[in-house]
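**Q** predicted model and sequence below, questions to follow.
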Amino acid sequence: MKKYIIAIDQGTTSTRAIVFDRNQNIVKIAQKEIKNSFPEPGWVEQDANEIWLSTLSVLAQLFQGHDIKPQDVMSIGITNQRETTVVWDKTTGLPVYNAIVWQSRQTASIIDRYRNTPKEKVIKAKTGLVLDPYFSASKIRWILENVENLPPVENLLFGTIDTWLVWKMTNGAVHVTDVTNASRTLLFNIHTLEFDNELLQIFDIPKSMLPNIVDTSDVIGNIDPMFFFNYSCPIGAIVGDQQAALFGQSCFDRGDVKNTYGTGGFLLINTGEEPIISKYGLLSTVAWRINGKVNYALEGSIFVSGSLIQWLRDGLKLFQDASQTEEIATSVDSCNGVMIIPAFTGLGAPYWNEKCKGAIFGLTRGTDIRHIVRAALESMAYQSKDLIIVMEEELQEKIHEIKVDGGASKNNFLLQFQSDILEIPVIRSQFSETTALGAARLAGLSAGMYTMDDFKEVEITRFMPKRTHESVEMLYDDWKRAVKSCMSY
Ligand SMILES: Nc1ncnc2c1ncn2[C@@H]1O[C@H](COP(=O)(O)OP(=O)(O)O)[C@@H](O)[C@H]1O
Ligand SMILES: O=P(O)(O)OC[C@H](O)CO
């Protein structure tokens with residue numbers, strides 16, 4: 001009997017493959033870091049071939065040691081960094097340009113063409129998103145306009161990372177995306193749940209480049225046996241990583257909230273069967289579609305969260321491993337007046353300021369590494385508070401607790417400070433791979449290995465608020481002042 005589900009979690013920082021058993025326990029993990037390149041200020045790119053090869057490599061690692069056999073795997077679920085755009089030549093299978101990463105601002109001038117025009121309103125109403133370089137549409141247009149010697153347009157295919165991986169895994173046989181990833185392209189109508197001809201016309205993108213849209217949990221094809229040790233395993237789910245985390249956190253009911261601290265920060269609330277078009281810069285997005293039944297979410301997206309820690313590690317070389325930041329931050333009582341605004345690629349929700357740059361305020365001769373590290377972690381929590389405030393405003397109801405996950409949620413200092421500054425409980429699952437779990441659950445559903453009744457809450461650690469309301473207000477006022485100064489610089 002087949003025993004396992006594999007989740008491939010292709011994130012901005014790394015690619016992981018994780019084996020789950022019938023009880024949703026992790027049996028094995030393989031991981032490979034992905035390189036980012038920054039060709040110009042504000043640009044972020046990755047090599048789409050490296051992403052594909054890293055996927056093959058982590059899959060192969062799972063079968064080292066012979067404890068797991070390919071034939072024991074019932075289904076593969078794919079979850080991925082969203083919006084990141086690949087355009088390739090279907091006759092060669094080669095990308096025509098680097099993958100333009102979701103964080104990249106290189107398409108800002110394309111977005112400017114539509115600002116304050118009637119088209120902006122159409123785009124927002126149909127997509128539930130905001131007009132911003134974050135989403136795929138302007139990235140596709142940029143490639144069509146800027147890459148020299150492009151093959152004929154009828155040979156070009158577009159995909160987000162899910163689509164690219166499935167196309168490669170099926171050796172070019174299947175060109176699809178799911179509704180969650182499609183809802184991040186700025187070309188997808190969240191009401192009709194289809195790519196929209198008017199949006200395609202606005203961005204001047206040929207429909208022939210686009211993938212077919214499928215449910216989030218569905219068998220969409222089989223991996224070519226040459227990539228899976230002679231076994232043609234079904235691919236049973238595709239899901240954007242933030243929606244996967246929402247599912248993995250069992251946020252199945254309207255009002256359930258999760259916050260992920262990965263490369264970026266992503267706060268999502270389940271809004272049920274109807275999309276909400278936000279007045280406050282939140283994004284309306286598809287949470288999942290299972291057996292044709294759709295569920296929506298409202299999302300606040302922060303462009304720089306854990307990647308600030310990565311910059312302190314790799315750019316400033318303040319420490320060797322992100323895990324050291326907890327001890328460094330707790331070795332001082334405060335940031336000593338230091339405040340970091342991590343607007344490396346502008347600011348996302350709720351500010352949507354694509355032009356502002358990052359800043360460090362409050363430096364004195366008394367400032368040292370410890371204050372900088374602590375201020376970096378605190379900035380991740382302040383950014384989430386900005387989102388909780390507008391989310392409560394939008395829904396006209398109080399959020400009573402949040403579930404958290406992502407690489408940086410291992411940091412106890414961050415989560416305690418988050419609880420302090422939000423003045424509500426912050427709940428971390430003992431199970432750290434909630435994104436992969438979400439994808440595995442969705443693949444296990446379509447394979448018939450799991451049912452919704454199997455998706456119970458898992459054991460948790462609860463961080464409770466400890467600061468006085470007055471001290472929280474003072475700190476948050478300082479944060480707001482720093483954001484304002486940063487945006488007016
Ligand atoms: N203990 C930690 N404290 C703070 N940040 C951390 C810690 N561990 C990892 N990170 C940060 O988390 C990010 C990786 O999270 P992950 O969820 O794996 O990312 P992604 O899914 O975006 O690839 C990195 O940017 C890293 O700097
Ligand atoms: O790579 P992550 O986990 O930070 O997620 C990236 C998001 O999907 C971008 O929208």
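**A** Structure received. Residues are numbered from 1 along each chain as shown. Ligands and ions are numbered 1, 2, ... in the order given.
**Q** residue at max distance from the center of the protein?
**A** Within the chain, the residue lying farthest from the chain centre (Cα atoms, centre = their mean) is R365, at 37.8 Å.
**Q** how much space between that one and ligand 1?
**A** According to Cβ to the nearest ligand atom, to the nearest Å, R365 and ligand 1 sit 27 Å apart. Every C-beta, even on glycine, is put in place using the N, C-alpha and C of the backbone.
**Q** the one residue in the stretch 301-450 of the chain that gets nearest to ligand 1: what's it in contact with?
**A** Proximity of the stretch 301-450 of the chain to ligand 1 (Cβ to the nearest ligand atom) peaks at G407, 2.1 Å away. Applying Cβ atoms under 8 Å, 6 or more residues apart in numbering to G407 gives the contacts 13, 261-262, 306, 322.
**Q** try it again at 7 Å.
**A** Contacts of G407 were listed using Cβ atoms under 7 Å, 6 or more residues apart in numbering, and they are 261-262, 306.
**Q** out of the residues you listed, flag the one nearest to Q24.
**A** Relative to Q24, the closest of those is G262; by Cβ to Cβ it sits at 20.9 Å.
**Q** how many other residues sit next to that closest one?
**A** Residues near G262, counting by other Cβ atoms under 10 Å, number 23.
**Q** same thing with the one 4 residues further on?
**A** Counted with other Cβ under 10 Å, residues neighbouring F266 total 29.
**Q** what does S183 give?
**A** By other Cβ under 10 Å, neighbour count at S183 equals 33.
**Q** and T435, by the same measure?
**A** With other Cβ under 10 Å as criterion, T435 counts 30.
**Q** same thing with I290?
**A** So I290, with other Cβ under 10 Å, has 17 neighbours.
**Q** separation between it and ligand 1?
**A** From I290 to ligand 1 the distance is 23 Å (Cβ to the nearest ligand atom).
**Q** thought that residue was touching G236?
**A** No - counting by Cβ atoms under 7 Å, G236 is not a contact partner of I290; they are 11.7 Å apart.
**Q** identify the contacts common to the two.
**A** Common neighbours of I290 and G236, counting by Cβ under 7 Å, 6+ apart, are absent.
**Q** which residues of the stretch 201-350 of the chain fall in strands?
**A** Along the stretch 201-350 of the chain, counting by DSSP state E, counting those that start in this stretch, strands occupy 212-214, 217-222, 234-240, 257-261, 265-272, 283-290, 293-302, 339-341.
**Q** reformat the ones you listed as CSV; add mean pLDDT.
**A** Shown next, in CSV, are the strands of the stretch 201-350 of the chain (pLDDT from 0 to 100):
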stretch, mean pLDDT
strand 212-214, 97
strand 217-222, 96
strand 234-240, 97
strand 257-261, 93
strand 265-272, 93
strand 283-290, 96
strand 293-302, 94
strand 339-341, 96
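**Q** let me know which of those is tucked in deepest.
**A** strand 234-240 (a mean of 30; mean count of other Cβ atoms under 10 Å).
**Q** for that one, packing partners?
**A** The elements that strand 234-240 packs onto, with contact taken as 3 or more Cβ pairs under 7 Å, 6 or more residues apart in numbering; DSSP states H and E, are strand 73-80, helix 161-169, strand 176-178, helix 179-182, strand 217-222, helix 434-447.
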